[in-house]
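Chemist: this is the structure alone, sequence omitted:
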């Protein structure tokens, strides 16, 4: 096996605990969004962990993601959120997954190819992204619909008036369209309260430790720890600069560790001069710019650090998102393929 100088320590316990939090908060059947390779952590490992915790409904974006999961555990149900495109027929016929049909064109395509096989349907309740319109619901008559879905646009802002408007529109669609189950709430939607839960919830970012709404971080456990190996130790002399653009100039002779991580691995370039590495409980400031593959850390307070040692990166998903001007979703899904992914617990 080829050695990788980057690794993610991933906690099965934290992932399962986060799912149990949303399951208890929603009070109904609780699934899990595992698209984008389980938000960057590894979709199959996420599925197996949450299945063991009690989840039975899982959601991916595309048929290729569905196929990559392999054989599902007994009783697990999988839905493909992007529905049935014009080139998806062969993949759909070979898969036990249900499409979430999201346009009248997809509905017609499904009827023609698969007849009475069960499907899901997405209704647009105000996000204006994917979904059958409220004036198109009659076209769903006769479909064997397992779950009728919609998706909240502003649930991360509990006071936003669109939340209540979308809930009312979805309730109206429920009254018109027969389905076994009805599903509206994502992670943030679950936190809006039981009126948004319907029959099935679909938590995503919150499962992986990202706070879906203000204050939610108090209830969630971090799932991801990032560790990187020291590639070189050196001293930057007083008056000398380090990294591209010479943005950091040493005021004194400064011992630094050059770390095997950069923006190609998903550590944002905007964290330049803001982030920290960790040596045990000691925070070590990152110096200069984050480059594609490397970043420097000040090891003045960790004199024993040597080449080949492993340092943690201070990797609070929400704090990095705020500091770098991106979303927690981008922080997680940007974690690159050069990481070894080591599950614990």
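Modeler: That came through fine. None of these values were measured; they are calculated from a predicted model.

Chemist: going forward, measure contacts and count neighbours with C-alpha atoms only.
Modeler: Fine.

Chemist: which elements pack onto the helix-or-strand element of the chain with minimal mean pLDDT?
Modeler: Within the chain, no helix or strand scores below helix 317-324, which has a mean of 94 by mean pLDDT, DSSP states H and E. Helix 317-324 sits against helix 328-333, with contacts defined as 3 or more CA pairs under 8 Å, 6 or more residues apart in numbering; DSSP states H and E.

Chemist: could you name the helices and strands sitting against the helix it packs on?
Modeler: Partner elements for helix 328-333 (3+ CA pairs under 8 Å, 6+ apart): helix 35-39, helix 317-324.

Chemist: out of these, which is closest to residue 286?
Modeler: Proximity to residue 286 (CA to CA) singles out helix 317-324 among the helices and strands packed on helix 328-333, at 13.4 Å.

Chemist: circling back to that earlier point, out of the helices and strands packed on helix 328-333, deepest packed?
Modeler: Burial of these is given as mean neighbour count (mean count of other CA atoms under 10 Å); helix 35-39 ranks first at a mean of 21.

Chemist: now find how far off-centre that helix is within its chain.
Modeler: Chain-centre distance of helix 35-39: 6 Å, with CA atoms, centre = their mean, to the nearest Å.

Chemist: so that it lines up with my notes, have the first residue be 325 from now on.
Modeler: Done: numbering now begins at 325, and the last item shifts to helix 359-363.

Chemist: list of residues touching that helix?
Modeler: Identification of contacts with helix 359-363 by CA atoms under 8 Å, 6 or more residues apart in numbering yields 367, 368, 370, 383, 384, 385, 389, 529, 532, 653, 656, 657.

Chemist: show the subsequent helix or strand relative to that helix.
Modeler: helix 367-377 (DSSP states H and E).

Chemist: counting by contacts, list what that next one packs against.
Modeler: So helix 367-377, by 3+ CA pairs under 8 Å, 6+ apart, packs with helix 336-350, helix 359-363.

Chemist: how about the longest one: buried residues?
Modeler: Of the residues in helix 336-350, those scored as buried under the neighbour-count criterion (16 or more other CA atoms under 10 Å) are 336-344, 346-347, 349-350.

Chemist: direction included, what does the next helix or strand after that helix pair against?
Modeler: Next along the chain after helix 336-350, taking DSSP H and E as the criterion, comes strand 353-354. Using DSSP bridges, the strands paired with strand 353-354 are strand 524-525 (parallel).

Chemist: picking up where we left off before, work out the gap between the least confident helix or strand of the chain and the centre of the chain.
Modeler: Distance of helix 641-648 from the chain centroid (CA atoms, centre = their mean) equals 14 Å.

Chemist: mind listing residues that contact it?
Modeler: Residues from elsewhere that reach helix 641-648, judged by CA under 8 Å, 6+ apart: 533-535, 592-595, 598, 651-652, 654-656.

Chemist: try 10 Å
Modeler: With contacts defined as CA atoms under 10 Å, 6 or more residues apart in numbering, helix 641-648 is touched by 532-536, 541, 546-549, 591-596, 598-599, 638, 649-656.

Chemist: filter the residues you listed to the buried ones?
Modeler: Judged by 16+ other CA under 10 Å, buried ones among the contacts of helix 641-648: 532-536, 546-549, 591-596, 599, 638, 652-653, 655-656.

Chemist: all helices of the stretch 325-474 of the chain, in order?
Modeler: Under the criterion DSSP state H, counting those that start in this stretch, the stretch 325-474 of the chain contains helices at 336-350, 359-363, 367-377, 387-392, 413-417, 428-438.

Chemist: and those helices as TSV, adding mean pLDDT?
Modeler: Output for the helices of the stretch 325-474 of the chain, formatted as TSV (pLDDT from 0 to 100):
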stretch	mean pLDDT
helix 336-350	98
helix 359-363	98
helix 367-377	98
helix 387-392	98
helix 413-417	97
helix 428-438	97
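
Chemist: and the residue nearest the centre of the chain, how close does it get to residue 638?
Modeler: The structure's the chain has its C-alpha centroid closest to residue 363; by CA atoms, centre = their mean the separation is 3.2 Å. As judged by CA to CA, to the nearest Å, residue 363 and residue 638 stand 19 Å apart.

Chemist: any stretches of the chain with poor pLDDT?
Modeler: Within the chain, no range satisfies pLDDT under 70.

Chemist: and it, what are its domains?
Modeler: The record's domain parsing of the chain by automatic domain parsing lists 335-534, 548-668.

Chemist: next step: the buried ones among the contacts of helix 641-648 restricted to helices.
Modeler: Here DSSP state H is the test, and these give 652, 653, 655, 656 as lying in helices.

Chemist: from residue 468, how far out is the residue lying closest to the second one once chain neighbours are set aside?
Modeler: What that stands for is residue 653. Of all residues beyond its chain neighbours, the one nearest residue 653 is residue 529 (6.6 Å), with distances taken as CA to CA, 6 or more residues apart in numbering. Applying CA to CA, the value for residue 529 to residue 468 is 30 Å.

Chemist: between these two, who's got more neighbours?
Modeler: Legend: neighbour count by other CA atoms under 10 Å for residue 529 and residue 468, higher for residue 529 (21 against 17).

Chemist: against residue 357, how distant is that one?
Modeler: Separation of residue 529 from residue 357 (CA to CA): 8 Å.
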